[in-house]
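Peer 1: Fold the following.
(2 chains)
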Amino acid sequence: MSGPERPVLLNSLRSGPDRAGRFGDFGGRFVAETLMPLVLEVERAYRAAKDDPAFHAQLRAYLTDYVGRPSPLWFAERLTQTLGGAKIYFKRDELNHTGSHKANNCMGQILLARRMGKTRIIAETGAGQHGVATATMCALFGFPCTIYMGAVDVERQKPNVFRMKLLGAEVRPVTSGAATLKDAMNEAMRDWVANVADTYYLIGTVAGPHPYPMMVRDFQSVIGEEAKVQLQECEGRLPDAAVACIGGGSNAMGLFYAFLDDPSVRLIGVEAGGHGLETGSHAASLSGGRPGVLHGNRTYLLQNDDGQILEAHSISAGLDYPGVGPEHAWLHDIGRVEYVAATDQEALEAFQLCTRTEGIIPALEPAHALAHVIRIAPGMSRNAVIVMNLCGRGDKDIFAVADHLGVAL
Amino acid sequence: MSRIAARFAALTQEGRGALIPFVEAWDPDGATSLALLRGMPGAGADLIEIGMPFTDPMADGPTIQAAGKRALAAGASVPAALAMVRDFRKDDADTPVVLMGYLNPILSYGTDRFCTDAAASGVDGLIVVDLPPEEAGLLLPYAATRGLDFIRLVAPTTDDNRLPYVLDGSSGFVYYVSIAGITGTRFATSEHLAQAIPRVRRFTNLPIAVGFGVRTPGQAAQAVRAADAAVVASALIDTLASTLDDQGRAGPVTVRRVLDQVRELAEGVREARLNI
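Peer 2: Model prediction:
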C-alpha cells in the first residue's frame, strides 16, 4: 500500500519520514491487521489537514488564545552566573495551559479527531501530563475521554489523577505487565482495537505507528520555531546548543526539528539515567538499548537477549519508558543529535538549583535536561548560548521530591 | 505439499472442518505445555497453534496476557519454544504446528536464523501478530525460503480494497479475526460469519480459520460451518489456569482437564456439518 516515495531533499534532515513512515531503518507501522486500516485512516486525515490552511488557522487561534503561545524565552541570568559559562535560555513551555508542552500536541490532535468525526478519545499517560492535557481538550470540546495509566503511576502521580477526574475523564489504572507507561500504551491499543468505529487514539509522544511520530513532531515543532525567532530577536543568532530531555522524545523533537539543518547547533537529548546506566536500572533506551519493535514502530528498546521488553526505571514517571521515538533513533544513528543520560540524583539536584536560582519549579523531566546543562555550561565560553526546553512545571512532582529528600509533608 | 495443505486436503475429503487448539509455550512450565502439546492430536486437534510468549502482547486479552506472564516467569524463550516443537516432532510427523507470536523476539533471535531453526524444528507456519503486510518484507522472504507457511490475519476492518493486498503472499491458511477486539473477549454472531467468510473467500482459495472469541463446542461448530477451521485459545487457557495452585504451579489434573476440553471441542467440530 505504500505509494510513490515522497521526493526527499538530500541536503535536508527535515524531510522524513518516507511514505512508509520510516526514518532511515526506524519507524514504520507494526500493528495488528485490525488496527492497520485505522492507522491508515489517521494518516489520510492528517495529510489532508496538513494541507488545509483552515486547519492551521484554527490550530493557531487555539494555541494563541487557549494554550497561551508563544511561550516566552527566558534568559536564566542567575543560573548562568552561578554556573559561570554559556548563557542559558529556557524555552518556557511549562507556562502553557496545563503546565507542559503536551498541550501543543493535544490541541492539534483533538482538532483532527473532530475533523474525522470521532466521538470518543482515549490516551495513555505516564506522569499524567499528557493525560491532563488530553482531558483538558476533551473538556473544552465536549468529548468523553478515557485515560489509561499504569497503576504504579496512578499511585505516584496522585495530583494529576485527581486533575484528570475533575476534568471529566475516566482514569483506568492498568495492572497488566509492570503497570507503568508501556502497559498503559498496550491497554490503550487494546481499547482502540475494540472500539474502532468511534474512537480516536490520542498518542502523547513521537512514538507509535506512522503517522503518529511525524504528526506529534509536527505539532510540537512550534517550540523550536518560536525559540529560533526569539533567539534571533535577543541574541541575533542561532544557539550553540539546544538541550531537551527524552522519554518518548516529543518535547525534544519539538525543540530540535527547527535546528536539524543548522549544523552549527549542537543538539543534545538527555535520557533518564535512573540509578546509573551501569546498574541496568534506567530508562535510557538509546544509551543502553538496541533496535527492536514495540508499540507500532521500530526503534531502540530496553530488552533482554530474548527480545522481551525490560522495565524502565526513572524518578520521573514521564521518562519511564523502555523505548524512544523512531526519529530520535535515526538521529542517533546518523550522529546528528548527541544522546546522553542524567541520573535520578543529578535531576534532583538540578531541580533544586533551578528552583532556588530562577524561582521556577521545573518538572523532574526537564530537570534531567538541566542536569546536563549544568555539566556543559561551565566549560563553554561566556558568549556561547544554550537553549533548554523547560517543558513542564514541577507542581506535580513536589510530593515525590519531598519523599526523596526525606521530608514529610 | 506442506503439512498444513495436506491436512486441510484430507479434511476436505472427510467433509469436515478443523479444530486448532492453542497452547502457550511454557505455560505454566515446559513439561506441562509439552504434555499438552503431545496429548492434543489424540484429543482431536487437527492442527496446533503454539503461542510464543511476549512481555507486551498488544492484541491479547487478560487470559493470554496472564499465560504469557506465567510462561516467561517459568523461563520461556524463543529457543525453548522451538525445542518444544522438536520434542513434539519425535512422535508426530503429521500434525501441523503453527507458531504465533509478536515480532520483537523474532527480530532479536534474527529473522533468517529464526526461520531456518523453526523449519528445522518441524514448524509449519508462522503467524506474527504485529507484522502487517506493509512490513512483511522483514520476514516473508526468509519464511518462503525455508518453506514455512506465512499465515495472515484478516479482520472485520480489512475492507475489500485491502483484502487482495493482505492476502498477497499468504500461504497455509487465512486467519480470520472474528471480532474487532482482543483475544478471548466475545464471539462474532453467526450472521457476521455468514457474511464475512464468503467475502474473504472471494479473494482466496486458501482455507479460512476463525479465531478470537471461539470458546465453546457450539461456537467451534458455528465457526467451521461458516469457515474451514476454528481456533480456540483463551477458553483452554482459562481451564488450565483454574487447575493451578496458589503459586501458579500445574496440578495433577491440569493436562487431563485441558485435553478433555479439546475432546469436547473436537466433537463439536466433527458433528457440525452433520447437524446442518
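
Peer 1: got the residue ranges for the helices in the stretch 101-250 of chain B?
Peer 2: Remark: helices assigned in the stretch 101-250 of chain B by DSSP state H, counting those that start in this stretch are B:103-109, B:111-121, B:140-145, B:163-167, B:190-201, B:217-226, B:234-242.

Peer 1: Could you export these as JSON lines, including mean neighbour count and distance to residue A:384?
Peer 2: The way it works is simple: take the backbone N, C-alpha and C, and place the C-beta from them, glycine included. Converted to JSON lines, the helices of the stretch 101-250 of chain B look like this (neighbours: other CB atoms under 10 Å in any protein chain shown; distance: least, CB to CB, whole Å):
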{"stretch": "helix B:103-109", "mean neighbour count": "23", "distance to residue A:384": "42"}
{"stretch": "helix B:111-121", "mean neighbour count": "18", "distance to residue A:384": "46"}
{"stretch": "helix B:140-145", "mean neighbour count": "18", "distance to residue A:384": "51"}
{"stretch": "helix B:163-167", "mean neighbour count": "17", "distance to residue A:384": "53"}
{"stretch": "helix B:190-201", "mean neighbour count": "15", "distance to residue A:384": "63"}
{"stretch": "helix B:217-226", "mean neighbour count": "23", "distance to residue A:384": "68"}
{"stretch": "helix B:234-242", "mean neighbour count": "20", "distance to residue A:384": "60"}
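
Peer 1: Can you tell me which of the ones you listed is nearest to chain A?
Peer 2: Counting by CB to the nearest CB, chain A lies closest to helix B:103-109 out of those; the figure is 2.8 Å.

Peer 1: I figured residue A:297 was touching residue A:30, is that so?
Peer 2: Yes: taking CB atoms under 8 Å as the contact criterion, residue A:297 and residue A:30 are neighbours in contact, 6.4 Å apart.

Peer 1: overlap in contacts of these two?
Peer 2: Common contact partners of residue A:297 and residue A:30 (CB atoms under 8 Å, 6 or more residues apart in numbering or on different chains): residue A:209.

Peer 1: pLDDT of stretch A:324-344, averaged?
Peer 2: Rounded to a whole number, the mean pLDDT of stretch A:324-344 is 98.

Peer 1: in it, what's buried?
Peer 2: Buried residues in stretch A:324-344, counting neighbours by 16 or more other CB atoms under 10 Å in any protein chain shown, are found at A:324-332, A:336-344.

Peer 1: what do you get for stretch A:35-42?
Peer 2: For stretch A:35-42, a neighbour-count test (16+ other CB under 10 Å) marks A:35, A:36, A:37, A:38, A:39, A:40, A:42 as buried.

Peer 1: Surely the second one is in contact with residue B:134?
Peer 2: This means residue A:36. Yes: contact between residue A:36 and residue B:134 holds when scored by CB under 8 Å: they sit 7.2 Å apart.

Peer 1: list the residues that contact both of the two?
Peer 2: residue A:29.

Peer 1: Around chain B, which positions in the stretch 101-250 of chain A sit nearby?
Peer 2: By CB under 8 Å from any CB of the partner chain, the residues of the stretch 101-250 of chain A that approach chain B are A:176, A:177, A:182, A:183, A:186, A:189, A:190, A:193, A:194, A:196.

Peer 1: can you put the residues you listed in CSV and add pLDDT, neighbour count and secondary structure?
Peer 2: Listed next are these as CSV, based on pLDDT from 0 to 100; neighbours: other CB atoms under 10 Å in any protein chain shown; DSSP: H, G, I helix; E, B strand; the rest coil:
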residue, pLDDT, neighbour count, secondary structure
A:176, 86, 19, coil
A:177, 80, 20, coil
A:182, 92, 28, helix
A:183, 93, 26, helix
A:186, 94, 24, helix
A:189, 95, 27, helix
A:190, 95, 24, helix
A:193, 92, 25, helix
A:194, 92, 16, helix
A:196, 90, 17, coil
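
Peer 1: Could you pull out the strands in the stretch 51-200 of chain A for me?
Peer 2: Ranges of strands within the stretch 51-200 of chain A are A:73-75, A:87-91, A:120-125, A:145-150, A:170-174, A:199-201, based on DSSP state E, counting those that start in this stretch.

Peer 1: nearest to residue B:250, of those?
Peer 2: Among these, strand A:170-174 comes nearest to residue B:250, with 28.1 Å by CB to CB.

Peer 1: Tell me which residues touch the nearest residue to residue A:80 once chain neighbours are set aside, please.
Peer 2: Nearest in space to residue A:80, with sequence neighbours left out and distances taken as CB to CB, 6 or more residues apart in numbering or on different chains, is residue A:88 at 4.9 Å. With contacts defined as CB under 8 Å, 6+ apart, the neighbours of residue A:88 are A:75, A:76, A:79, A:80, A:373, A:377, A:386, A:388.

Peer 1: State the distance from residue A:56 to chain B.
Peer 2: Taking CB to the nearest CB, to the nearest Å as the measure, residue A:56 and chain B are separated by 29 Å.

Peer 1: Tell me, how many residues neighbour that residue?
Peer 2: 14 (other CB atoms under 10 Å in any protein chain shown).

Peer 1: Might you report the residue contacts of the most centrally placed residue in chain A?
Peer 2: Nearest to the centroid of the C-alpha atoms of chain A, with distances taken as CA atoms, centre = their mean, sits residue A:250, at 2.7 Å. With contacts taken as CB under 8 Å, 6+ apart, residue A:250 has the following neighbours: A:101, A:102, A:105, A:204, A:205, A:206, A:216, A:217, A:220, A:325.

Peer 1: Tell me how far residue B:2 lies from residue B:112.
Peer 2: As judged by CB to CB, to the nearest Å, residue B:2 and residue B:112 stand 20 Å apart.

Peer 1: now swap in residue A:88 and tell me
Peer 2: Residue A:88 is 50 Å from residue B:112, where distance means CB to CB.

Peer 1: returning to what we had before: now pLDDT, distance to residue B:171 and neighbour count too, for the contacts of residue A:88, in a markdown table please.
Peer 2: Conversion of the contacts of residue A:88 to a markdown table gives the following (pLDDT from 0 to 100; distance: CB to CB, whole Å; neighbours: other CB atoms under 10 Å in any protein chain shown):
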| residue | pLDDT | distance to residue B:171 | neighbour count |
| --- | --- | --- | --- |
| A:75 | 98 | 64 | 14 |
| A:76 | 98 | 62 | 23 |
| A:79 | 98 | 63 | 24 |
| A:80 | 98 | 65 | 19 |
| A:373 | 98 | 56 | 28 |
| A:377 | 98 | 60 | 25 |
| A:386 | 98 | 57 | 25 |
| A:388 | 98 | 54 | 29 |
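
Peer 1: This completes my enquiry, with thanks.
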